[in-house]
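Q: Sequence first, predicted coordinates after that:
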Amino acid sequence: MAKLALMLSCLFLGMAVLVVHSTNIQGPKEIDEWFKTLNNSKEKLTRLHFYFHDAISGKNPTAVKITEPADGFRSPTSFGQVDMIDNLLTEGPEPDSKPVGRAQGLYAYASMEEFALLMVINFVFTGGDYNGSSLAVLGRNPVRHQLREMPIIGGTGVFRLARGSATARTYSFELESLDAIVEYDIAAIHY
Ligand SMILES: *[C@@H]1O[C@H](CO)[C@@H](O)[C@H](O)[C@H]1NC(C)=O
Ligand SMILES: *[C@@H]1O[C@H](CO)[C@@H](O)[C@H](O)[C@H]1NC(C)=O
């Protein structure tokens with residue numbers, strides 16, 4: 001039985017390798033065309049700069065606590081809490097500055113020693129050439145540090161196959177409401 005399972009899985013693995021290497025695969029037309037141009041294109045670097053509005057309080061919060069540890073576990077660093085966000089991104093630091101996109105995803109308090117978030121966020125852009133394109137961030141964000149760096153692990157649209165680095169600096173933080181405005185600088189390599 002075990003032998004049969006092994007044989008079957010080898011068969012499937014073999015097939016997977018075969019399929020990945022096939023040159024006859026056809027995907028959606030737009031993606032196929034893009035991959036053809038990719039074969040001869042060079043990587044480029046794009047820098048982006050915007051402000052992230054972490055609105056926790058007020059009438060229309062965009063960062064919402066969705067869970068915290070059960071059984072009365074209490075941590076001075078909020079360890080275990082998870083917040084879901086759909087935060088506004090703007091060109092300048094004021095909330096009514098020109099919108100450039102949203103930050104959608106979640107952050108989780110992942111350290112028992114300091115306020116450090118696990119960020120699982122997509123920056124979804126709505127402005128100009130980047131409209132509809134997105135960048136995916138997965139990283140550690142120790143929010144009390146002056147400068148935090150998080151990896152960009154991918155993207156879509158203009159940013160398809162992107163990788164890069166996002167740096168965050170707190171522009172303002174209100175202790176009472178916990179609302180924060182964070183300045184982001186992005187350097188992304190893509191095609
Ligand atoms: C990419 O370019 C190589 C060399 O020019 C060619 O042999 C190959 O078929 C191309 N691949 C695709 C998917 O177009
Ligand atoms: C962005 O794209 C959407 C959907 O394609 C469109 O409705 C919208 O007008 C575009 N916005 C800008 C600023 O180009």
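A: Nice, thanks for sending it over. Residues are numbered from 1 along each chain as shown. Ligands and ions are numbered 1, 2, ... in the order given.
Q: neighbours of Leu178, just the number please.
A: 12 (other Cβ atoms under 10 Å). Bear in mind the C-beta positions are built from the backbone N, C-alpha and C, glycine included.
Q: now it, what's its secondary structure?
A: coil (DSSP: H, G, I helix; E, B strand; the rest coil).
Q: could you pull out the helices for the chain?
A: 2-21, 29-38 (DSSP state H).
Q: Can you flag the weakest of those by average pLDDT?
A: When the helices of the chain are compared by mean pLDDT, helix 2-21 comes last with a mean of 51.
Q: Check what pLDDT the residue of the chain found nearest ligand 1 gets.
A: The minimum distance from the chain to ligand 1, using Cβ to the nearest ligand atom, falls at Asn39 (3.7 Å). As predicted, Asn39 sits at a pLDDT of 82.
Q: same question, Ser22
A: For Ser22, pLDDT reads 59.
Q: same thing with Pro99?
A: Model confidence at Pro99 (pLDDT) stands at 97.
Q: residues near it, how many?
A: 15.
Q: Any idea what it is bridged to?
A: Thr90 (DSSP bridges).
Q: again with Ala116
A: Applying DSSP bridges, one finds that Ala116 bridges with Pro142.
Q: Am I right that it is in contact with Val143?
A: Yes. Contact criterion Cβ atoms under 8 Å: Ala116 and Val143 qualify, at 7.2 Å.
Q: So which residues on this structure come close to ligand 1?
A: With the criterion set to Cβ under 6 Å from any ligand atom, the chain comes near ligand 1 through 35-36, 39.
Q: Between these, which sits nearest Ser177?
A: Lowest distance from Ser177 to the residues of the chain next to ligand 1 (Cβ to Cβ) belongs to Phe35, with 47.3 Å.
Q: Strands along this protein, start to end?
A: Remark: strands assigned in the chain by DSSP state E are 44-54, 63-67, 82-90, 99-109, 116-125, 134-142, 148-156, 163-173, 180-190.
Q: Apart from its chain neighbours, what residue comes closest to Arg169?
A: Glu183 (4.7 Å; Cβ to Cβ, 6 or more residues apart in numbering).
Q: The one you found: what's it in contact with?
A: Counting by Cβ atoms under 8 Å, 6 or more residues apart in numbering, Glu183 touches 49-52, 93, 168-171.
Q: Would you enumerate the residues in contact with the closest residue to ligand 2 within the chain?
A: Across the chain, no residue is closer to ligand 2 than Asn131, which sits at 3.7 Å (Cβ to the nearest ligand atom). By Cβ under 8 Å, 6+ apart, the contact list for Asn131 reads Phe125.
Q: repeat for the one 4 residues further on
A: Going by Cβ under 8 Å, 6+ apart, Leu135 touches 122-123, 125, 152, 154-155, 159, 162, 164, 166, 186, 188.
Q: repeat that for 10 Å
A: 46, 48, 101, 103, 121-125, 152-159, 162-164, 166, 186, 188, 190 (Cβ atoms under 10 Å, 6 or more residues apart in numbering).
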